[in-house]
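Chemist: Compute the structure for the input listed below.
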Amino acid sequence: MSYIRKAIANRHWGRVAAVIIAGVTIAAVYLYGISRFFEVGSFQFIAAILLIPFLLDWVLAWENERAIESGHITLWNELVGTEVVVSENFVEAAKGYRGAVTLGHERWQAVSDVPLDEGMVVEVCGRTGLVLTVKASMS
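Modeler: Below is the predicted model:
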């Protein structure tokens, strides 16, 4: 799926605008550079303005896929089922209990339905933004 289509589907309008603006800017600089040596007509201008953002979109989508395949990016749903260690006791909050867990070498804020103690191994059952939802592990 293209980078722009994903950004539109997720309502990341800033990313959509950034890709389009970057593509149009690159096209304008390119056209300015070649206009010094060749005559650039309206057709070439319109083609470049349409083609370069498309190529930029394709490169960004390809880079994202490569990063995911190499394991540098963890997809949201890949965290579900992962075991993590509680690094900060869970204390009562507005809705349930809140604390921190360690995933790999990263510390994440987490929420739970029950209080959890530091050192416990728990399982990730969801993610909302940068906050993990965890439950006591069955193992």
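Chemist: all strands for the protein, in order.
Modeler: For the chain, applying DSSP state E gives strands covering 83-93, 96-103, 106-112, 121-128, 131-136.
Chemist: For the longest one, C-alpha coordinates in CSV please.
Modeler: Yep, that's strand 83-93 we're talking about. What follows is strand 83-93, C-alpha atoms only, in CSV (Å, rounded to 0.1, in the frame of the first residue of the first chain):
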residue,chain,number,x,y,z
GLU,A,83,5.8,-11.0,27.6
VAL,A,84,7.2,-8.0,29.4
VAL,A,85,8.6,-7.3,32.9
VAL,A,86,6.9,-4.9,35.3
SER,A,87,9.5,-2.2,36.1
GLU,A,88,7.3,0.0,38.3
ASN,A,89,4.6,-1.1,40.7
PHE,A,90,1.1,-0.5,39.3
VAL,A,91,-0.9,2.0,41.4
GLU,A,92,-4.6,2.8,41.3
ALA,A,93,-5.6,5.3,38.6
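Chemist: how far does it sit from the chain's center?
Modeler: Its chain's C-alpha centre and that of strand 83-93 lie 25 Å apart, by C-alpha atoms, centre = their mean, to the nearest Å.
Chemist: just to revisit the earlier point, could you point out which of the strands of the chain sits nearest Ala61?
Modeler: Closest to Ala61 of those, according to C-beta to C-beta: strand 121-128, at 23.0 Å. From N, CA and C alone the C-beta is placed, and that goes for glycine too.
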